[in-house]
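**Student:** from the sequence below, what's the structure:
(4 chains)
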2 protein chains.
Amino acid sequence: MDDIGHTDRPEHEGISVRATRIQDVAKLADVSTATVSRALATPERVSPEARARVLEAIAKTGYVPNPAARTLRSQKTYMVLVVLPDLANTFFSKILRGIEETLFEAGYGMIISDLDGSPEKEAHFAAFTAAGRVDGAILLNGHLFGQSREGEGKPARITIPLVALCEGIPGADIPQIEIDNRAAASRMTQHLASLGHRSIAYVSGPAINILERERFQGYMDGLAASRLPFDPALVIPGDYTIESGTRAGQDIVARQDRPTAVFCTSDEMAIGLMRTLFSAGLRIPADISVAGFDDIEFAGVAEPALTTIRQPRRELGQAAASALIDLLQGRPSPKRIRLETELVIRDSVASR
Amino acid sequence: MDDIGHTDRPEHEGISVRATRIQDVAKLADVSTATVSRALATPERVSPEARARVLEAIAKTGYVPNPAARTLRSQKTYMVLVVLPDLANTFFSKILRGIEETLFEAGYGMIISDLDGSPEKEAHFAAFTAAGRVDGAILLNGHLFGQSREGEGKPARITIPLVALCEGIPGADIPQIEIDNRAAASRMTQHLASLGHRSIAYVSGPAINILERERFQGYMDGLAASRLPFDPALVIPGDYTIESGTRAGQDIVARQDRPTAVFCTSDEMAIGLMRTLFSAGLRIPADISVAGFDDIEFAGVAEPALTTIRQPRRELGQAAASALIDLLQGRPSPKRIRLETELVIRDSVASR
DNA sequence: TTGAAAGCGCTAACAG
DNA sequence: CTGTTAGCGCTTTCAA
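**Tutor:** Modelled structure (predicted):
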């Protein structure tokens, strides 16, 4: 049936093709398999001599424990699921690095789930999680797993530890790791106002999005703190993508009475918007200032270089992973962690 | 010890907290566990009645097979490892989608390994692979796993099916999925030449890189086909990153005798380079033309929009996954697949 | 501190 | 077509 199967025992040049098992190590070290297991998991409960012999045997054989067997017995997978809305968004890559680093140090592996806006994918990963392939999950998508798929069967209940990262999940009683979106947006708005801008447009994220709601609050706060009136006409809808930025640019170009500054709530939108303004013959920042949010890689090489809000992406990932590990190991975990952002001043904003 | 552990049996509101096992389904369907297993794996070998009862019982209980037990018994993980040099590079995200799609349809999951230029990470994933956590791997990093870590112990031999994607691995007898880098680079070079450019600079990738060698050959081919002489001074070293593009730009700005066109072998470099040229007061494409390679998302919204080579990223991913699945299921797999690229003409290149 | 022994939940070999 | 049975390799009581 399986015609690529290799024969099991034969030794080629002294190297057995079959993987070393715990028994082989035990035999070589002249101890029981239980002792080998303990030498690895709880070395302090094994005599130094036995431990040394086991370690030597492991080194000699290149033994690596079989994870399936370990998982089956201990009911722990040492795997964590990371759920994100869109892997293509460069914003996530550094966060993933931070997560992976911290997880790795604690002996956990990471499985990435790119939802890609597909409900089936979400159902799939919910089932995956329910099947016990992971010990916990970090959610970057702003909501919990969908519960069941079109009523067939019981919803597989998810009972593993969860952590929400970046997009808080209101109502869910799990640790939330995030930045203070409201304060950051307020700060940028005030920065623009302090430079003399009195007509500051706001390009939003998707209306349902929690980040959007917080950043919009911040925009309002900033306006108020700068004693600027709120003008609904200056709020332009977007969804964080390049394309929506391009569309917002068209909207602005078409206006008689243009704002002097535009605060885009993502760098992607700012870059798309700048392109449209530029094509229409507007000079940035001479004619109009543009600010972004996130500080992705391309923000610094955009033309002009983008003034934006930097999120501590790696640290966000690390903090989320740490919180999850705490939970996984039965330690208490902080309910909410807020990391600081930074206002990065470049060339796309000028004073008026 | 584990103070977050839940009690095992108690039923809350009729729902058992403990996961359903194959035994529960068997009992409910009034068949043996073997029949349940067969109804799932080889339905044609089970009578329609038995199958119906099993399916019903599964629906009723929400049974999901325990993957650890399945793996332990069958020695198959239904997991594939994808090794990439840098997850932050936007070039890879669509490829990953293509891989994931195809894998998913065939019932395989995907684990991503971001090497991030770290040899330890590589050793870690080599061990991971050797430990039998995955059935096969797709390598996007241009080489096989490092063999052992500083001589301690035997090198864990990797014997699972592998596929090389994008960066071919010379000498390795595994399927290679790639584009024709040489032809694509030649085409771009000839495109520039056909527009009247006679001094075409080439910003390279890392010298050791196989892609670089192929693209450089293509550049030479294109020059020859256009009856243009090769001038070593026009080859500027790069490493595909934004920063190296910026540096290449400085090099060009500093020259007395500037090329009229620059062919960058990655879009990142082209974007970094354009920024430097722009800052130095050069107009693109009026003063100097710039071309890229890859067609990443930002190429279309760069200022000016970048003329480049589009790679069929999703299809590349799909083809690699298909080839690996063939191998995994004992079918013959094509040794080499080359997908077509496309010349995308935008605004960063003008005729001379 | 150590070993013996009992499974974790599943699939595959072997009968029937 | 179906059931019985024997493990896959490990961790974890339990007893010494």
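**Student:** contact partners of stretch A:211-230?
**Tutor:** Stretch A:211-230 has contacts (C-beta atoms under 8 Å, 6 or more residues apart in numbering or on different chains) with A:142, A:166-167, A:181-190, A:192-194, A:198, A:200, A:202, A:204-206, A:235, A:263, A:265, A:293. Every residue, glycine included, has its C-beta placed from N, CA and C.
**Student:** restricted to strands, list the residues you listed.
**Tutor:** A:200, A:202, A:235, A:263 (DSSP state E).
**Student:** can you list those residues in CSV and add distance to DNA strand D and pLDDT?
**Tutor:** What follows is these, written out as CSV (distance: C-beta to the nearest atom of the strand, whole Å; pLDDT from 0 to 100):
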residue, distance to DNA strand D, pLDDT
A:Ile200, 58, 98
A:Tyr202, 53, 98
A:Val235, 55, 98
A:Phe263, 53, 98
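**Student:** now list the buried members of the contacts of stretch A:211-230.
**Tutor:** Burial by neighbour count, 16 or more other C-beta atoms under 10 Å in any protein chain shown: within the contacts of stretch A:211-230 this picks out A:142, A:166-167, A:181-190, A:192-193, A:200, A:202, A:204-205, A:263, A:265, A:293.
**Student:** quick check: mean pLDDT across stretch A:86-102?
**Tutor:** When pLDDT is averaged over stretch A:86-102, the result is 87.
**Student:** and it, how far out from the chain's middle?
**Tutor:** 5 Å (C-alpha atoms, centre = their mean, to the nearest Å).
**Student:** so is it next to chain B?
**Tutor:** Yes. Counting by C-beta under 8 Å from any C-beta of the partner chain, chain B is contacted by stretch A:86-102 at A:87-88, A:90, A:93-94, A:96-97, A:100.
**Student:** with stretch A:280-295 instead?
**Tutor:** No. Stretch A:280-295 lies out of reach of chain B by C-beta under 8 Å from any C-beta, never closer than 9.8 Å.
**Student:** just the ones in strands among the contacts of stretch A:211-230 now: which is nearest A:Arg38?
**Tutor:** Comparing those against A:Arg38 with C-beta to C-beta places A:Phe263 closest, at 59.0 Å.
**Student:** now do the strands in chain A.
**Tutor:** Per DSSP E, chain A carries strands over the ranges A:11-12, A:15-16, A:79-84, A:109-114, A:136-139, A:162-165, A:176-179, A:200-203, A:235-236, A:261-264, A:289-291, A:308-310, A:336-339, A:342-344.
**Student:** check which helices and strands the third one sits against.
**Tutor:** Under the contact criterion of 3 or more C-beta pairs under 8 Å, 6 or more residues apart in numbering or on different chains; DSSP states H and E, strand A:79-84 touches helix A:91-105, strand A:109-114, helix A:119-130, strand A:136-139.
**Student:** winner for burial among the ones you listed?
**Tutor:** Highest mean neighbour count of the helices and strands packed on strand A:79-84: strand A:136-139, a mean of 25 (counted as mean count of other C-beta atoms under 10 Å in any protein chain shown).
**Student:** so which elements touch it?
**Tutor:** Strand A:136-139 packs on strand A:79-84, strand A:162-165, helix A:313-328, going by 3+ C-beta pairs under 8 Å, 6+ apart.
**Student:** CSV for those, including mean neighbour count and distance to A:Gly107?
**Tutor:** Output for the helices and strands packed on strand A:136-139, formatted as CSV (neighbours: other C-beta atoms under 10 Å in any protein chain shown; distance: least, C-beta to C-beta, whole Å):
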stretch, mean neighbour count, distance to A:Gly107
strand A:79-84, 24, 10
strand A:162-165, 26, 17
helix A:313-328, 23, 9
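**Student:** closest to DNA strand C out of these?
**Tutor:** Nearest to DNA strand C, of all those, is strand A:79-84, at 16.6 Å by C-beta to the nearest atom of the strand.
**Student:** what lies in contact with that closest one?
**Tutor:** A:92, A:96, A:99, A:103, A:108-115, A:125, A:128-129, A:133-141, A:321, A:324.
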